[in-house]
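Engineer: Please find the sequence and the predicted model below.
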Amino acid sequence: QVQLVESGGGLVQPGGSLRLSCAASGRIFSIYDMGWYRQAPGKQREMVAVITTGGSTNVADSVKGRFTISRDNVKSTVYLQMNSLKPEDTAVYYCNAQIKVAIMIPLSDYWGQGTQVTVSS
């Protein structure tokens, strides 16, 4: 009933840029925090950046100064602008959103299907 659809991943050379997008759709009453997580082969999933409805952000130290998270509340979309990409940024990137589907139903976490980002020369 709720879908998060990601786009924008791909192959980029070190020092390059990519912009990820994630649009939420379906039966949605309200969206709270939205964010991006990533998982590299053999590693645990880690938080990259999270943004509240009011625009406050929390960004991982490993990407601070290079990645920027933003959102469009009208479009129910969150973005991740990734600059100065490094090989260690290679991972599957997952979109996350905290969503209420109805006023009396508790908040739940929803995840996108993941998009591959590969940084390599």
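Structural biologist: It's in.
Engineer: Need the residue closest to the centroid of this structure.
Structural biologist: Closest to where the C-alpha atoms of the chain average out (CA atoms, centre = their mean) is residue 36, at 2.6 Å.
Engineer: Mind giving me the packing neighbours of the helix or strand hosting that one?
Structural biologist: Applying DSSP states H and E as the criterion places residue 36 in strand 30-39. Other helices and strands packing on strand 30-39, by 3 or more CB pairs under 8 Å, 6 or more residues apart in numbering; DSSP states H and E, are strand 18-26, strand 46-51, strand 67-72, strand 77-82, strand 91-100. (C-beta placed from N, C-alpha, C; glycine too.)
Engineer: contacting residues around that strand?
Structural biologist: The contact list for strand 30-39, computed with CB atoms under 8 Å, 6 or more residues apart in numbering, reads 20, 22, 24, 45-53, 69, 71, 73, 76, 78, 80, 89, 91-100, 107, 114, 117.
Engineer: Which members of these come out as buried by neighbour count?
Structural biologist: 20, 22, 24, 48-51, 69, 71, 76, 78, 80, 89, 91-99, 114, 117 (16 or more other CB atoms under 10 Å).
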